[in-house]
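Asker: missing the sequence, but the structure's below:
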(Lines give C-alpha, C1' and ligand atoms only; values in the text may rest on other atoms or scores of the structure.)
Protein backbone atom coordinates (compact mmCIF):
# COMPACT_ATOMS: atom_id res chain seq x y z
CA UNK A 1 0.00 0.00 0.00
CA UNK A 2 2.98 2.29 0.58
CA UNK A 3 3.91 2.07 -3.09
CA UNK A 4 0.38 2.94 -4.16
CA UNK A 5 0.56 5.95 -1.85
CA UNK A 6 3.79 7.00 -3.58
CA UNK A 7 2.15 6.77 -7.00
CA UNK A 8 -0.81 8.84 -5.83
CA UNK A 9 1.63 11.40 -4.37
CA UNK A 10 3.36 11.70 -7.75
CA UNK A 11 0.01 12.31 -9.38
CA UNK A 12 -0.84 14.96 -6.79
CA UNK A 13 2.54 16.64 -7.28
CA UNK A 14 1.89 16.89 -11.04
CA UNK A 15 -1.55 18.38 -10.34
CA UNK A 16 0.05 21.03 -8.15
CA UNK A 17 2.63 21.84 -10.79
CA UNK A 18 -0.12 22.24 -13.42
CA UNK A 19 -2.25 24.60 -11.36
CA UNK A 20 0.82 26.56 -10.23
CA UNK A 21 1.54 27.13 -13.91
CA UNK A 22 -1.99 28.37 -14.62
CA UNK A 23 -1.87 30.70 -11.62
CA UNK A 24 1.40 32.29 -12.72
CA UNK A 25 0.46 34.66 -15.54
CA UNK A 26 -2.45 36.90 -16.41
CA UNK A 27 -5.34 35.23 -18.16
CA UNK A 28 -4.54 36.44 -21.67
CA UNK A 29 -1.11 34.81 -21.64
CA UNK A 30 -2.75 31.37 -21.71
CA UNK A 31 -4.44 32.21 -25.01
CA UNK A 32 -1.01 32.07 -26.66
CA UNK A 33 0.49 29.04 -28.36
CA UNK A 34 3.17 27.22 -26.33
CA UNK A 35 5.34 27.28 -29.46
CA UNK A 36 4.77 28.67 -32.97
CA UNK A 37 1.89 26.83 -34.63
CA UNK A 38 1.32 24.51 -31.67
CA UNK A 39 -1.46 24.14 -29.10
CA UNK A 40 -2.47 27.08 -26.97
CA UNK A 41 -1.93 26.76 -23.23
CA UNK A 42 -5.66 27.03 -22.54
CA UNK A 43 -6.32 24.10 -24.89
CA UNK A 44 -3.76 21.92 -23.09
CA UNK A 45 -5.42 22.77 -19.77
CA UNK A 46 -8.80 21.63 -21.07
CA UNK A 47 -7.15 18.58 -22.61
CA UNK A 48 -5.71 17.54 -19.24
CA UNK A 49 -9.07 18.03 -17.52
CA UNK A 50 -10.97 16.06 -20.17
CA UNK A 51 -8.40 13.24 -20.11
CA UNK A 52 -8.29 12.96 -16.33
CA UNK A 53 -12.08 13.10 -16.13
CA UNK A 54 -12.09 9.84 -18.09
CA UNK A 55 -10.66 8.04 -15.05
CA UNK A 56 -14.08 8.16 -13.36
CA UNK A 57 -15.84 5.78 -15.79
CA UNK A 58 -12.58 3.90 -16.47
CA UNK A 59 -12.30 3.02 -12.78
CA UNK A 60 -16.05 2.40 -12.38
CA UNK A 61 -16.39 5.43 -10.10
CA UNK A 62 -19.24 7.06 -12.01
CA UNK A 63 -19.87 9.14 -15.09
CA UNK A 64 -17.56 11.92 -16.29
CA UNK A 65 -18.18 15.22 -14.51
CA UNK A 66 -17.60 17.29 -17.67
CA UNK A 67 -18.43 15.09 -20.68
CA UNK A 68 -18.87 18.18 -22.85
CA UNK A 69 -15.08 18.73 -22.76
CA UNK A 70 -14.25 15.60 -24.72
CA UNK A 71 -15.36 16.88 -28.13
CA UNK A 72 -13.58 20.22 -27.61
CA UNK A 73 -10.32 19.08 -26.03
CA UNK A 74 -9.76 15.47 -27.07
CA UNK A 75 -11.60 14.72 -30.30
CA UNK A 76 -11.00 18.12 -31.88
CA UNK A 77 -7.57 19.71 -32.28
CA UNK A 78 -6.93 23.21 -30.95
CA UNK A 79 -8.27 26.19 -32.90
CA UNK A 80 -11.12 24.22 -34.44
CA UNK A 81 -13.62 26.13 -32.29
CA UNK A 82 -13.63 29.65 -30.88
CA UNK A 83 -16.06 28.65 -28.18
CA UNK A 84 -13.72 27.36 -25.46
CA UNK A 85 -14.59 27.61 -21.77
CA UNK A 86 -12.79 30.51 -20.10
CA UNK A 87 -9.69 29.97 -18.00
CA UNK A 88 -11.72 30.73 -14.88
CA UNK A 89 -14.27 28.06 -15.78
CA UNK A 90 -11.52 25.55 -16.53
CA UNK A 91 -9.91 26.25 -13.16
CA UNK A 92 -13.21 25.49 -11.46
CA UNK A 93 -13.54 22.24 -13.42
CA UNK A 94 -9.97 21.32 -12.53
CA UNK A 95 -10.53 21.92 -8.84
CA UNK A 96 -13.82 20.01 -8.73
CA UNK A 97 -12.42 17.09 -10.71
CA UNK A 98 -9.28 16.76 -8.60
CA UNK A 99 -11.24 16.96 -5.35
CA UNK A 100 -13.55 14.21 -6.65
CA UNK A 101 -10.71 11.98 -7.87
CA UNK A 102 -8.67 12.47 -4.69
CA UNK A 103 -11.68 11.60 -2.57
CA UNK A 104 -12.14 8.34 -4.50
CA UNK A 105 -8.43 7.50 -4.62
CA UNK A 106 -8.10 7.85 -0.84
CA UNK A 107 -10.74 5.16 -0.37
CA UNK A 108 -9.48 2.64 -2.92
CA UNK A 109 -7.81 -0.49 -1.54
CA UNK A 110 -4.67 -2.03 -3.02
CA UNK A 111 -6.86 -4.81 -4.40
CA UNK A 112 -9.03 -2.32 -6.24
CA UNK A 113 -6.01 -0.45 -7.62
CA UNK A 114 -4.64 -3.70 -8.99
CA UNK A 115 -7.92 -4.77 -10.57
CA UNK A 116 -8.70 -4.25 -14.23
CA UNK A 117 -9.98 -0.96 -15.61
CA UNK A 118 -13.03 -0.78 -17.84
CA UNK A 119 -11.12 -0.48 -21.12
CA UNK A 120 -9.67 -3.96 -20.81
CA UNK A 121 -11.71 -7.14 -21.07
CA UNK A 122 -11.59 -9.87 -18.43
CA UNK A 123 -9.86 -12.13 -20.96
CA UNK A 124 -7.16 -9.60 -21.84
CA UNK A 125 -6.66 -8.74 -18.19
CA UNK A 126 -6.07 -12.36 -17.28
CA UNK A 127 -3.31 -12.41 -19.90
CA UNK A 128 -1.76 -9.15 -18.69
CA UNK A 129 -2.68 -8.24 -15.09
CA UNK A 130 -0.49 -5.15 -15.27
CA UNK A 131 -3.34 -3.48 -17.20
CA UNK A 132 -4.90 -2.33 -13.96
CA UNK A 133 -6.17 0.96 -12.52
CA UNK A 134 -2.84 1.85 -10.96
CA UNK A 135 -1.20 1.57 -14.35
CA UNK A 136 -3.71 4.07 -15.72
CA UNK A 137 -2.88 6.51 -12.92
CA UNK A 138 0.84 6.22 -13.66
CA UNK A 139 0.07 6.82 -17.33
CA UNK A 140 -2.03 9.89 -16.53
CA UNK A 141 0.74 11.26 -14.32
CA UNK A 142 3.24 10.84 -17.15
CA UNK A 143 0.75 12.41 -19.57
CA UNK A 144 0.44 15.50 -17.35
CA UNK A 145 4.19 15.88 -17.20
CA UNK A 146 4.44 15.56 -20.99
CA UNK A 147 2.15 18.53 -21.51
CA UNK A 148 3.62 20.46 -18.58
CA UNK A 149 6.96 20.34 -20.37
CA UNK A 150 5.26 21.96 -23.35
CA UNK A 151 3.38 24.50 -21.22
CA UNK A 152 6.62 25.66 -19.65
CA UNK A 153 7.82 26.77 -23.07
CA UNK A 154 5.15 29.48 -23.07
CA UNK A 155 6.58 32.97 -22.93
CA UNK A 156 4.69 35.47 -20.80
CA UNK A 157 3.43 38.89 -21.82
CA UNK B 1 6.63 -6.69 -6.36
CA UNK B 2 4.04 -6.51 -9.14
CA UNK B 3 3.67 -2.77 -8.59
CA UNK B 4 7.43 -2.26 -8.76
CA UNK B 5 7.41 -4.18 -12.02
CA UNK B 6 4.74 -1.80 -13.33
CA UNK B 7 6.83 1.23 -12.39
CA UNK B 8 9.89 -0.22 -14.12
CA UNK B 9 7.73 -0.95 -17.19
CA UNK B 10 6.64 2.69 -17.31
CA UNK B 11 10.26 3.75 -17.17
CA UNK B 12 11.14 1.34 -19.97
CA UNK B 13 8.23 2.59 -22.07
CA UNK B 14 9.49 6.19 -21.73
CA UNK B 15 12.98 5.05 -22.74
CA UNK B 16 11.55 3.46 -25.86
CA UNK B 17 9.60 6.60 -26.72
CA UNK B 18 12.75 8.73 -26.34
CA UNK B 19 14.92 6.57 -28.58
CA UNK B 20 12.11 6.21 -31.13
CA UNK B 21 12.07 10.00 -31.32
CA UNK B 22 15.84 10.20 -31.90
CA UNK B 23 15.66 7.51 -34.58
CA UNK B 24 12.94 9.33 -36.50
CA UNK B 25 14.71 12.16 -38.32
CA UNK B 26 18.08 12.73 -39.93
CA UNK B 27 20.87 13.77 -37.61
CA UNK B 28 20.85 17.48 -38.47
CA UNK B 29 17.23 17.88 -37.42
CA UNK B 30 18.22 17.31 -33.78
CA UNK B 31 20.51 20.33 -33.90
CA UNK B 32 17.41 22.52 -34.09
CA UNK B 33 15.70 24.14 -31.13
CA UNK B 34 12.45 22.45 -30.05
CA UNK B 35 10.85 25.91 -30.03
CA UNK B 36 12.19 29.38 -30.84
CA UNK B 37 14.94 30.32 -28.38
CA UNK B 38 14.61 27.06 -26.41
CA UNK B 39 16.84 24.02 -25.94
CA UNK B 40 18.02 22.06 -28.94
CA UNK B 41 16.84 18.46 -29.20
CA UNK B 42 20.42 17.16 -28.97
CA UNK B 43 20.90 19.05 -25.70
CA UNK B 44 17.76 17.51 -24.21
CA UNK B 45 18.99 14.05 -25.21
CA UNK B 46 22.28 14.62 -23.39
CA UNK B 47 20.38 16.10 -20.46
CA UNK B 48 18.27 12.95 -20.10
CA UNK B 49 21.35 10.71 -20.28
CA UNK B 50 23.26 12.78 -17.72
CA UNK B 51 20.27 12.88 -15.37
CA UNK B 52 19.53 9.17 -15.60
CA UNK B 53 23.21 8.32 -15.17
CA UNK B 54 22.93 9.90 -11.72
CA UNK B 55 20.76 6.99 -10.59
CA UNK B 56 23.83 4.73 -10.40
CA UNK B 57 25.51 6.57 -7.47
CA UNK B 58 22.14 7.61 -6.06
CA UNK B 59 21.13 3.96 -5.73
CA UNK B 60 24.59 2.84 -4.57
CA UNK B 61 25.10 0.87 -7.80
CA UNK B 62 28.46 2.39 -8.68
CA UNK B 63 29.90 5.53 -10.22
CA UNK B 64 28.34 7.38 -13.14
CA UNK B 65 29.24 5.88 -16.51
CA UNK B 66 29.53 9.29 -18.21
CA UNK B 67 30.43 11.86 -15.53
CA UNK B 68 31.74 14.23 -18.21
CA UNK B 69 28.15 14.86 -19.36
CA UNK B 70 27.08 16.61 -16.17
CA UNK B 71 28.92 19.88 -16.80
CA UNK B 72 27.71 20.03 -20.41
CA UNK B 73 24.09 18.94 -20.01
CA UNK B 74 23.08 19.68 -16.43
CA UNK B 75 25.22 22.45 -14.98
CA UNK B 76 25.50 24.46 -18.20
CA UNK B 77 22.50 25.60 -20.23
CA UNK B 78 22.30 24.79 -23.93
CA UNK B 79 24.41 26.77 -26.37
CA UNK B 80 27.10 27.56 -23.80
CA UNK B 81 29.52 25.22 -25.57
CA UNK B 82 29.93 24.19 -29.20
CA UNK B 83 31.69 21.00 -28.18
CA UNK B 84 28.76 18.64 -27.67
CA UNK B 85 29.07 14.89 -28.24
CA UNK B 86 27.57 13.87 -31.58
CA UNK B 87 24.14 12.31 -31.81
CA UNK B 88 25.75 8.97 -32.64
CA UNK B 89 27.91 9.13 -29.51
CA UNK B 90 24.91 10.09 -27.39
CA UNK B 91 22.94 7.15 -28.76
CA UNK B 92 25.76 4.81 -27.72
CA UNK B 93 25.80 6.34 -24.24
CA UNK B 94 22.04 6.01 -24.01
CA UNK B 95 22.10 2.35 -25.01
CA UNK B 96 24.96 1.47 -22.64
CA UNK B 97 23.38 3.36 -19.76
CA UNK B 98 19.95 1.81 -20.19
CA UNK B 99 21.38 -1.69 -20.50
CA UNK B 100 23.34 -1.11 -17.28
CA UNK B 101 20.39 0.35 -15.38
CA UNK B 102 17.98 -2.35 -16.59
CA UNK B 103 20.43 -5.04 -15.55
CA UNK B 104 20.61 -3.57 -12.03
CA UNK B 105 16.88 -2.89 -11.78
CA UNK B 106 16.02 -6.49 -12.66
CA UNK B 107 18.05 -7.69 -9.68
CA UNK B 108 16.77 -5.24 -7.07
CA UNK B 109 14.38 -6.62 -4.45
CA UNK B 110 11.28 -4.78 -3.23
CA UNK B 111 13.13 -4.10 0.00
CA UNK B 112 15.97 -2.41 -1.86
CA UNK B 113 13.58 -0.34 -3.99
CA UNK B 114 11.88 0.90 -0.83
CA UNK B 115 15.14 1.75 0.93
CA UNK B 116 16.56 5.26 1.03
CA UNK B 117 18.60 6.72 -1.82
CA UNK B 118 21.94 8.39 -1.23
CA UNK B 119 20.66 11.96 -1.37
CA UNK B 120 18.56 11.56 1.75
CA UNK B 121 20.04 11.12 5.24
CA UNK B 122 19.03 8.28 7.54
CA UNK B 123 17.34 10.80 9.81
CA UNK B 124 15.31 12.42 7.03
CA UNK B 125 14.40 9.02 5.63
CA UNK B 126 13.06 7.85 8.98
CA UNK B 127 10.77 10.90 8.94
CA UNK B 128 9.66 10.32 5.34
CA UNK B 129 10.13 6.73 4.12
CA UNK B 130 8.58 7.62 0.77
CA UNK B 131 11.93 9.19 -0.16
CA UNK B 132 13.18 5.87 -1.49
CA UNK B 133 14.75 4.58 -4.69
CA UNK B 134 11.43 3.72 -6.29
CA UNK B 135 10.32 7.30 -5.83
CA UNK B 136 13.41 8.46 -7.71
CA UNK B 137 12.59 6.12 -10.58
CA UNK B 138 9.04 7.47 -10.78
CA UNK B 139 10.49 10.98 -10.77
CA UNK B 140 12.94 10.16 -13.55
CA UNK B 141 10.13 8.62 -15.61
CA UNK B 142 8.07 11.78 -15.23
CA UNK B 143 11.15 13.88 -16.05
CA UNK B 144 11.65 11.97 -19.31
CA UNK B 145 8.05 12.54 -20.29
CA UNK B 146 8.34 16.25 -19.51
CA UNK B 147 11.17 16.66 -22.00
CA UNK B 148 9.61 14.25 -24.50
CA UNK B 149 6.63 16.57 -24.67
CA UNK B 150 9.03 19.36 -25.63
CA UNK B 151 10.96 17.20 -28.09
CA UNK B 152 7.78 16.34 -29.93
CA UNK B 153 7.33 20.02 -30.76
CA UNK B 154 10.40 19.83 -32.99
CA UNK B 155 9.63 20.31 -36.65
CA UNK B 156 11.57 18.15 -39.08
CA UNK B 157 13.53 19.25 -42.09
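Answerer: Yep, that arrived. Nothing here was measured: the structure is a model prediction, and the numbers come from that model.
Asker: how far away is residue A:128 from residue B:2?
Answerer: 12 Å (C-beta to C-beta, to the nearest Å). C-betas here are computed from N, CA, C, even on glycine.
Asker: can you name the helix or strand that the closest residue to residue A:105 other than its chain neighbours falls in?
Answerer: Residue nearest to residue A:105 in three dimensions, not counting chain neighbours: residue A:8, with 5.5 Å by C-beta to C-beta, 6 or more residues apart in numbering or on different chains. If you go by DSSP states H and E, residue A:8 is part of helix A:2-22.
Asker: that helix to helix B:2-22, inter-axis angle?
Answerer: Angle of helix A:2-22 versus helix B:2-22, following axes from the mean of the first three to the mean of the last three C-alpha atoms, to 10 degrees, is 40 degrees.
Asker: give the buried residues for helix A:2-22.
Answerer: For helix A:2-22, the neighbour count (16 or more other C-beta atoms under 10 Å in any protein chain shown) marks A:3-4, A:6-8, A:10-11, A:13-15, A:17-18, A:21-22 as buried.
Asker: turn those into TSV, including distance to residue A:30 and pLDDT.
Answerer: Formatted as TSV, those follow (distance: C-beta to C-beta, whole Å; pLDDT from 0 to 100):
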residue	distance to residue A:30	pLDDT
A:3	35	92
A:4	33	95
A:6	31	94
A:7	29	95
A:8	27	97
A:10	25	97
A:11	23	97
A:13	21	97
A:14	18	97
A:15	17	98
A:17	15	98
A:18	12	98
A:21	9	98
A:22	7	98
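Asker: what does chain A put close to chain B?
Answerer: For chain A, the contact set with chain B under C-beta under 8 Å from any C-beta of the partner chain comprises A:2-7, A:9-10, A:14, A:34-36, A:38, A:114, A:129-130, A:132, A:134-135, A:138-139, A:141-143, A:145-150, A:153.
Asker: buried ones among the residues you listed?
Answerer: Of the residues of chain A next to chain B, these count as buried by 16+ other C-beta under 10 Å: A:3-4, A:6-7, A:10, A:14, A:34-35, A:38, A:114, A:132, A:134-135, A:138, A:141-143, A:145-150, A:153.
Asker: now, those that are in strands?
Answerer: Judged by DSSP state E, strands contain none of those.
Asker: confidence score at residue A:81?
Answerer: Residue A:81 carries a pLDDT value of 85.
Asker: quick one: secondary structure of it?
Answerer: coil (DSSP: H, G, I helix; E, B strand; the rest coil).
Asker: which residues of chain A fall in helices?
Answerer: Remark: helices assigned in chain A by DSSP state H are A:2-22, A:41-53, A:55-58, A:69-70, A:87-107, A:110-113, A:122-127, A:133-151.
Asker: kindly reformat those helices as TSV containing distance to residue B:97.
Answerer: Below are the helices of chain A laid out as TSV (distance: least, C-beta to C-beta, whole Å):
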stretch	distance to residue B:97
helix A:2-22	23
helix A:41-53	31
helix A:55-58	33
helix A:69-70	39
helix A:87-107	34
helix A:110-113	31
helix A:122-127	32
helix A:133-151	20
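Asker: out of those helices, flag the one nearest residue B:62.
Answerer: Evaluated over the helices of chain A, closeness to residue B:62 peaks at helix A:2-22, with 24.9 Å, by C-beta to C-beta.
Asker: tell me how far the most centrally placed residue in chain A lies from chain B.
Answerer: Residue closest to the average C-alpha location in chain A (C-alpha atoms, centre = their mean): residue A:52, at 3.2 Å. Counting by C-beta to the nearest C-beta, to the nearest Å, the gap from residue A:52 to chain B is 15 Å.
Asker: before we move on, what about residue A:112?
Answerer: For residue A:112, the distance to chain B - C-beta to the nearest C-beta - is 13 Å.
Asker: ok, the closest residue in space to residue A:118 that isn't next to it in sequence - how many residues close by?
Answerer: Sequence neighbours aside, residue A:58 is the residue nearest to residue A:118 in space, at 5.3 Å (criterion: C-beta to C-beta, 6+ apart). Using other C-beta atoms under 10 Å in any protein chain shown, residue A:58 has 16 neighbouring residues.
Asker: how close does residue A:58 sit to chain B?
Answerer: Shown here: residue A:58 relative to chain B, a distance of 16 Å by C-beta to the nearest C-beta.
Asker: list the contacts for that residue?
Answerer: A:117, A:118, A:119, A:133, A:136 (C-beta atoms under 8 Å, 6 or more residues apart in numbering or on different chains).
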